[in-house]
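Trainee: below are the sequence and a predicted model; questions follow.
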Amino acid sequence: MLRSVLRNVLFGSALVASTIFADLTPGQRVEDFKHFWKSYKNAYVFFELKGNDFGVDWDVIKGDFITKLKTSTSDLELYRAVTEAQAMLRDGHCYNSSFSKIRETERIYFQRIGLTLAEGHKIVVNQVKAGTVFAENGVEIGDELVKWDDKSIRRLAREARKMSSASSDGQFWNSFANSLYIHSPLLGKPKRSSAKLIFRKPNGDLVPVSSKWNSADPTGVPEATNGWINDSKGVQLDEASKIRIEGPLPLELRIFKEYNLAYLKIDSWMKTEDPKDQLEDTFKKVQGTDGMIVDFRGNGGGVGPWGVLFSNYLISEGDQKKAKKSWISKIKDMFKGKKETTEEVKTNGKVPNDVWFERKLSKVFMKLAFPQLNDEQMNEIYASPETMQYVLKKAFDMDIDLQEINKHVVDGVIDPFYVNLTLNDRTNDVATYTKPVYVLTDGGCYSTTDITLAILKDFNRIKTVGTPNGAGSGSPIPFVLPNSGLQVHVPHARAYPPSGTMIEGRPIAPDYLVTQTIEDLKKGKDTVLTEAVARIMDEIMPTSTFNQSEVSVGKLKEPVIDWGNIPTPDFAIQATLEYQKRLETNLSD
């Protein structure tokens, strides 16, 4: 009976997009915030960690926000309340779609000046468009921004941190610098028609600039399509996100012939197709090099298994590697009811594929995974071990033995229980790359990239150059607030590297802490890449005559800025794709 109902629920109704920037009553805003708060209360997996790190008490904050929303006059106040509550958790995977949703019906205001992070926490210019008031006033690449509307950069950062859910200071400052040119739509329209910015030249001279705000037109509310919107309240991907996930991994491979070094840049782990053939081809081409630089800077994550698969190409476990199962795979066999395996299992050591996700199978998770199921259907799943086993297989391809599920039945109801999920069970076919590898990192390294870095560090396989990574390991799933249609992501599972150490909020200290210098930025020189090449060459071929001034790695590329837009994070795109895949799963026979 349930299977028939599930089939009708999943496929029997048309999909309709709702108005996103809705005009709600204070009562509806309170209802939405309560829905958000309760969903996090039941599904978020890092409350204990964040309580210890930052003193976050989820129960305490609820009342303060609800009191404010009871007298609210704008939906922006709801969006700010959700954003600020998420920011208290200091978890970059605690994401919501307020920016993109506001952008669909409201204008976005910005200044046409490119900014980046350099020399610690200095905000400096990295792009000046010809014909702008900035160019006319002599602002140049490398000039430091010191004030914005009479506010210092430190003050602006403190204010922005209240609405940033970054997992680490590195992730926050990276995001803050890149998006500072945009006026946050959560603050409403700018108070003045122009902004006053003050820049400092390398010689100390100050350059004040009064610049009128530019604005980007609303994008409009997208029409519902079966391929991209599977919930009547708007769980969706925009056109730009669709384009970003098509085709191969955004991968750039170069060979510095002068040094016989490979340079591999991976911008993202987002891809709908299996990248193994691409990785196989890449590592065939670098086999003859003496070392490799891997550039992960700005890689915000995506598909978890791709990062784990990549790590296999750099970590050698000997000739027996491909015949050995990881210990987490052995546990998976136990869930399947297998008592023995003909494959040799390594018990005295671990391999890259020993990464795992710890997921709590609570009712809240199942409701978030399948929001179209009503309470009666959900109760039936949790009352029947057989039905639970069936749903886990059909929805998540998990083979869990019925005896294992029965262990968690209390008074006729299945209690929430944890399952460990493997991220990847494949290895490389081409020979493992065994030469020195140096990895470039910054606060933009996040999610899947953090997991990949943790694996490679676990095996002492790499040396890192740059600034600390973003440090996020939660696996987010999206849900939608009932009245506003605001899409919110909640981390519901924890990723662990083979060592079992915590990734979330624990950045990896670089082996060589290096930041882009202003002097090099003005020259178009990549400080971090240059340092990495010098370091790896010193390891490969130690010599007192080799020095950094001899290193030539090309010019910095001009940053590509989508003026007035903050792209949806890759991990959020992936979470939405997974959500849609589950909704499209036919749970009937």
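Mentor: Okay, I see it. Numbers count the residues shown, from 1 in each chain.
Trainee: so where's the stretch 251-400 of the chain shaky on pLDDT?
Mentor: Applying pLDDT under 70 to the stretch 251-400 of the chain picks out residues 272, 317-348, 371.
Trainee: so how far is residue 565 from residue 161?
Mentor: 22 Å (CB to CB, to the nearest Å). No exception for glycine: its C-beta is placed from N, CA and C like everyone else's.
Trainee: revised request: answer the last question for residue 296.
Mentor: 23 Å.
Trainee: tell me which of the two has more neighbours.
Mentor: Using other CB atoms under 10 Å as the criterion, residue 296 and residue 565 rank with residue 296 on top: 25 against 18.
Trainee: that one contacts residue 443, correct?
Mentor: No. Between residue 296 and residue 443 there is no contact under CB atoms under 8 Å: 11.4 Å.
Trainee: what's the overlap in contacts for these two?
Mentor: Common contacts of residue 296 and residue 443 (CB atoms under 8 Å, 6 or more residues apart in numbering): residue 469.
Trainee: and whichever helix or strand residue 574 is part of, what does it pack against?
Mentor: Using DSSP states H and E, residue 574 sits in helix 570-583. Judged by 3 or more CB pairs under 8 Å, 6 or more residues apart in numbering; DSSP states H and E, helix 570-583 is in contact with helix 239-244, strand 474-480, strand 487-496.
Trainee: which among the ones you listed is found nearest to residue 437?
Mentor: Among the helices and strands packed on helix 570-583, strand 487-496 comes nearest to residue 437, with 21.8 Å by CB to CB.
Trainee: from the middle of its chain, how far away would the closest one be?
Mentor: Distance, stretch centre to chain centre, for strand 487-496: 10 Å (CA atoms, centre = their mean, to the nearest Å).
Trainee: now do it against strand 474-480, angle only.
Mentor: 160 degrees (axes from the mean of the first three to the mean of the last three CA atoms, to 10 degrees).
Trainee: what angle do strand 487-496 and helix 570-583 make?
Mentor: Using the same axes, to 10 degrees: strand 487-496 against helix 570-583 is 100 degrees.
Trainee: show the subsequent helix or strand relative to strand 487-496.
Mentor: According to DSSP H and E, the helix or strand after strand 487-496 is strand 512-513.
Trainee: run me through the strand neighbours of that next one, direction for each.
Mentor: Looking at strand 512-513 with DSSP bridges, its partner strands are strand 463-466 (parallel).
Trainee: so how far is the partner strand off the chain centroid?
Mentor: For strand 463-466, the distance to the chain centre is 20 Å (CA atoms, centre = their mean).
Trainee: what about the stretch 401-550 of the chain, any weak spots by pLDDT?
Mentor: In the stretch 401-550 of the chain (pLDDT under 70), the answer is 543-550.
Trainee: tell me where it has helices.
Mentor: Counting by DSSP state H, counting those that start in this stretch, the stretch 401-550 of the chain has helices at residues 402-406, 448-458, 518-523, 527-540.
Trainee: and those, which is most packed in?
Mentor: Highest mean neighbour count among these (mean count of other CB atoms under 10 Å): helix 448-458, with a mean of 26.
Trainee: and the protein, what are its domain boundaries?
Mentor: Domain ranges of the chain: 1-106+218-513+558-589, 108-216, per automatic domain parsing.
Trainee: so which of those gets nearest residue 521?
Mentor: When the domains of the chain are compared by CB to CB, domain 108-216 sits nearest residue 521, at 4.9 Å.
Trainee: what's the span of the closest one from first residue to last?
Mentor: 5 Å (CA to CA, to the nearest Å).
Trainee: return the distance of that domain from the chain's centre.
Mentor: Worked out by CA atoms, centre = their mean, domain 108-216 lies 24 Å from the chain centre.
Trainee: model confidence over that domain, on average?
Mentor: The average pLDDT for domain 108-216 rounds to 96.
Trainee: buried sites along stretch 86-105?
Mentor: 86-104 (16 or more other CB atoms under 10 Å).
Trainee: in PDB, list the C-alpha atoms belonging to that stretch.
Mentor: In PDB, the C-alpha atoms belonging to stretch 86-105 read as follows (Å, rounded to 0.1, in the frame of the first residue of the first chain):
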ATOM      1  CA  GLN A  86      23.000  29.900  10.900                       C
ATOM      2  CA  ALA A  87      26.000  32.300  11.300                       C
ATOM      3  CA  MET A  88      26.100  31.600  15.000                       C
ATOM      4  CA  LEU A  89      27.000  28.000  14.200                       C
ATOM      5  CA  ARG A  90      30.100  29.000  12.300                       C
ATOM      6  CA  ASP A  91      29.500  26.300   9.700                       C
ATOM      7  CA  GLY A  92      29.900  27.200   6.100                       C
ATOM      8  CA  HIS A  93      27.500  24.400   5.000                       C
ATOM      9  CA  CYS A  94      24.700  26.200   6.800                       C
ATOM     10  CA  TYR A  95      23.600  28.000   3.700                       C
ATOM     11  CA  ASN A  96      20.300  29.600   2.500                       C
ATOM     12  CA  SER A  97      19.200  31.000  -0.800                       C
ATOM     13  CA  SER A  98      18.200  34.400   0.400                       C
ATOM     14  CA  PHE A  99      20.600  36.200  -2.000                       C
ATOM     15  CA  SER A 100      19.400  34.400  -5.100                       C
ATOM     16  CA  LYS A 101      15.800  34.600  -4.000                       C
ATOM     17  CA  ILE A 102      15.900  38.400  -3.300                       C
ATOM     18  CA  ARG A 103      17.700  38.800  -6.600                       C
ATOM     19  CA  GLU A 104      14.800  37.300  -8.500                       C
ATOM     20  CA  THR A 105      12.500  40.200  -7.700                       C
END
